[in-house]
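*Asks:* sequence first, predicted coordinates after that:
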Amino acid sequence: MSSFEQIIASEEWQETDLSLLETLDHVLNRGLVIAGEITISVADIDLIFVGLNVLVSSVETAHEVLRKRQTE
Amino acid sequence: MKLYVYCLADDIEALDDPARGISGAPVRLLKTHDFSVLVSDLDADVVQVTGENALAHAAVVRSILDRTTPLPFRFGTLVTEQQLVNYLSSRKPALETKLAHVRGCVEMSVKIIQEPAAQESAPDENVNQGAGTSFLAQKRREILGGGQSAAEATRISTWLHDKISGLIRAEQVTLRPTEKLILAAAHLVERAKVKKYRENMAEACQSRPDLHFLLSGPWPPYSFANIELEFKTQFGVS
């Protein structure tokens, strides 16, 4: 199975970008945790926000672009 | 030398095509306590959060998704072998339960955003209100708007759940994780039901043109791997 066999949206999305962001969202925010033994370059709590914010801002940006296209 | 840990499974005997992982390090199989853990030997104390490293982590976990459903570790898990062995031995029953829960499944992800409704303008009479009255009126509008927003998110969540009822083994739904994001959901779907799941989601998308959907998958079950297990372990809740 490929990473993204299907991405559905109302309009055309930058699928490559969204695929990357979805991957980051999954990999950075979720998964088994060995409590107290994680060594990463930023604090764990920051990672949660980094991942989510990156994804959401991208979706919103894409949505904004689509909306402008529709009004043109 | 430490181990960078990608994921674990209980039914992998060997890697078909040994891959390269974080920093290009070879990936190997560590077998202990009836688990098979994909790891890389890494001479580092820190793993940089870069797109390249995150994608490398994802690629290694995905490399065995066709053969089994692994439990992914979170990006950046860098431990000594003894720490990993201690973790696995102390959590063996819970990890086996988790593996059984996700066996034969993949994770599908759904995010929905909605065009925000036009802001209602304040009544004309507010022009002559004092600062205190205006402040309270604004607060009232915010509270009422927030309540409506939450109610709408709940309605959409229920509607979405009905569309895929019977097709998912488990789900994790977060309502209104941000102002514009109505919900973020992860669905644990049996592989044999993925086709039908997609068909139903496509119908759902078409029936609500006012909503914007981001669907992705299949994923390893990142969202069904850890949180409850860690809380149970840390706080001793059975």
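*Replies:* Structure's in. What do you need? Predicted model, so just to flag it, every value in this text is computed and none were measured.

*Asks:* quick one: residue A:22 and residue B:110 touch, right?
*Replies:* No. In terms of Cβ atoms under 8 Å, residue A:22 does not count as a neighbour of residue B:110; the distance is 11.0 Å. Where you see a C-beta, it was placed from the backbone N, CA and C, and this is true even at glycine.

*Asks:* give me the number of residues near the closest residue to residue B:87 other than its chain neighbours?
*Replies:* Residue nearest to residue B:87 in three dimensions, not counting chain neighbours: residue A:34, with 5.0 Å by Cβ to Cβ, 6 or more residues apart in numbering or on different chains. For residue A:34, the tally of surrounding residues (other Cβ atoms under 10 Å in any protein chain shown) stands at 20.

*Asks:* re the thing from before, joint contacts of residue A:22 and residue B:110?
*Replies:* Common neighbours of residue A:22 and residue B:110 (criterion: Cβ atoms under 8 Å, 6 or more residues apart in numbering or on different chains): residue B:214.

*Asks:* mind checking the SS state of the residue nearest to residue B:87?
*Replies:* At residue A:34 the chain is in coil, as set by DSSP: H, G, I helix; E, B strand; the rest coil.

*Asks:* mind checking pLDDT for the nearest residue to residue B:177 once chain neighbours are set aside?
*Replies:* Excluding the flanking residues, the one nearest residue B:177 by Cβ to Cβ, 6+ apart is residue B:184, at 5.3 Å. Looking at residue B:184, its pLDDT is 89.

*Asks:* mind telling me what element residue B:184 is part of?
*Replies:* strand B:181-190 (DSSP states H and E).

*Asks:* check the offset of that strand from the chain's centre.
*Replies:* Relative to its chain's centre, strand B:181-190 lies at 8 Å (Cα atoms, centre = their mean, to the nearest Å).

*Asks:* which residues touch residue B:57?
*Replies:* By Cβ under 8 Å, 6+ apart, the residues touching residue B:57 are A:27, B:6, B:21, B:22, B:75.

*Asks:* can you name the two of those that are farthest apart?
*Replies:* Pairwise distances across the contacts of residue B:57 peak at 12.4 Å for A:27 and B:21 (criterion: Cβ to Cβ).

*Asks:* residue B:70 touches residue B:10, doesn't it?
*Replies:* No. Assessed by Cβ under 8 Å, residue B:70 is found out of contact with residue B:10, at 9.2 Å.

*Asks:* looking at the two, which one has more neighbours?
*Replies:* Ranked by neighbour count (other Cβ under 10 Å), residue B:70 and residue B:10 place residue B:70 first, with 28 against 16.

*Asks:* state the pLDDT value of the more buried one.
*Replies:* Residue B:70 carries a pLDDT value of 96.

*Asks:* please tell me how far it sits from residue B:49.
*Replies:* 22 Å (Cβ to Cβ, to the nearest Å).

*Asks:* shaky segments in chain B?
*Replies:* Along chain B, segments meeting pLDDT under 70 span B:18, B:115-129, B:135, B:137-148, B:227-238.

*Asks:* export stretch B:90-101 as CSV, just CAs?
*Replies:* Only the C-alpha atoms of stretch B:90-101 are listed here, as CSV (Å, rounded to 0.1, in the frame of the first residue of the first chain):
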residue,chain,number,x,y,z
SER,B,90,7.6,-4.4,32.3
ARG,B,91,4.8,-3.7,29.8
LYS,B,92,4.6,-7.1,28.0
PRO,B,93,1.0,-7.9,28.8
ALA,B,94,-0.2,-4.4,27.9
LEU,B,95,1.8,-4.3,24.7
GLU,B,96,0.4,-7.8,23.7
THR,B,97,-3.1,-6.5,24.3
LYS,B,98,-2.3,-3.4,22.1
LEU,B,99,-0.9,-5.6,19.3
ALA,B,100,-4.0,-7.8,19.4
HIS,B,101,-6.2,-4.7,19.3
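
*Asks:* list the contacts for residue B:105?
*Replies:* Contacts of residue B:105 (Cβ under 8 Å, 6+ apart): B:69, B:169, B:188, B:189, B:190, B:191, B:221.

*Asks:* most surrounded residue in those residues?
*Replies:* Among the contacts of residue B:105, the one with the most neighbours (other Cβ under 10 Å) is residue B:221, at 30 neighbours.

*Asks:* contacting residues around that one?
*Replies:* Contact analysis of residue B:221 by Cβ under 8 Å, 6+ apart lists B:69, B:71, B:72, B:102, B:105, B:106, B:107, B:188.

*Asks:* pick the one among those residues closest to chain A.
*Replies:* Among these, residue B:72 lies closest to chain A (Cβ to the nearest Cβ), at 4.2 Å.

*Asks:* wait, a strand at the closest one?
*Replies:* Yes. Secondary structure assignment places residue B:72 in a strand (three-state DSSP).

*Asks:* what about it, distance to residue B:50?
*Replies:* Separation of residue B:72 from residue B:50 (Cβ to Cβ): 18 Å.
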